[in-house]
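Visitor: Curious how this folds, go ahead:
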Amino acid sequence: MTPHAPFSHKWRRLTGLITKETRQVLRDPSSVLIAGVMPLLLLFLFGYGVTFDPRELDVALVVEQQSSETASFQAALENSTLFEVEVGPDRRLFERDLSLGKIGGLIVLPADFSAKAFRADSAPVQVIVDGSDPNTAYLVSGYVELLWGNWLEQEWIRRGRPALPPGVQLQPQVWFNPEISSRNYLVPGSVAIILTTIGAL
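Guide: This is a model prediction of the structure:
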């Protein structure tokens, strides 16, 4: 037996396997769809059809008494890409929509909002959410809290006062995916899921 015989034997086996699989694909063209088209389709759906980034959440804003501060906060809320805002003077106008799931939350600026807005011992903004949908409730309350903090900081700066109280301030920084886009997390993970699924099929 020549030294090259084992290699030749392995090569013949590999060639036979490739030939067999090629004939199988030609006899059953649906395997091309499963192995080629379906992974690309699933990757596209996971990458662009599925997202956990909230955009344009329907909320209602109740302004019990108009003032320059309420107008400023309303403008900040309406200029945000996160919310679609409907404004009214009474919370009772929106309670039914909240219970029916037509809006994701109810933001109330009480009559004494301007007096309490810049006092550390009070909470001048009330957020009412539907607990039957905890995901939406968490998103609305969290983003309103974030928007409130940003608005308050800008107002302190505009009034010429320190924006932050003295002390230790935490400033988290995201190096990868700084915009916190869920697509950047979904697509890499989807590749492994799709490969596993296609192999089983």
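Visitor: Every contact and neighbour count from this point should use C-alpha atoms.
Guide: Noted.
Visitor: Just the C-alphas of stretch 19-34, formatted as CSV.
Guide: Extracted in CSV, the C-alpha atoms of stretch 19-34 (Å, rounded to 0.1, in the frame of the first residue of the first chain):
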residue,chain,number,x,y,z
THR,A,19,-22.0,13.6,-4.9
LYS,A,20,-24.8,12.0,-2.8
GLU,A,21,-25.8,15.3,-1.2
THR,A,22,-25.8,17.1,-4.5
ARG,A,23,-28.1,14.5,-6.0
GLN,A,24,-30.4,14.8,-3.0
VAL,A,25,-30.6,18.5,-3.4
LEU,A,26,-31.4,18.1,-7.1
ARG,A,27,-34.1,15.6,-6.4
ASP,A,28,-35.6,17.7,-3.6
PRO,A,29,-35.2,21.5,-4.4
SER,A,30,-37.0,22.4,-1.1
SER,A,31,-33.8,21.7,0.7
VAL,A,32,-32.3,24.7,-1.1
LEU,A,33,-35.0,26.8,0.4
ILE,A,34,-34.5,25.4,3.9
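Visitor: distance between it and the chain's centre?
Guide: 40 Å (CA atoms, centre = their mean, to the nearest Å).
Visitor: going forward can the numbers begin at 56, since that is how I track them
Guide: Right, with 56 as the first residue, what we last looked at is stretch 74-89.
Visitor: contacts for that stretch?
Guide: Stretch 74-89 has contacts (CA atoms under 8 Å, 6 or more residues apart in numbering) with 253, 256.
Visitor: Next secondary structure after the helix ranked longest in the chain?
Guide: Ranked by residue count, the top helix of the chain under DSSP state H comes out as helix 189-213. Counting by DSSP states H and E, the next helix or strand C-terminal to helix 189-213 is helix 238-255.
Visitor: and that next one, what other elements does it pack with?
Guide: Where contact means 3 or more CA pairs under 8 Å, 6 or more residues apart in numbering; DSSP states H and E, helix 238-255 is packed against helix 93-99.
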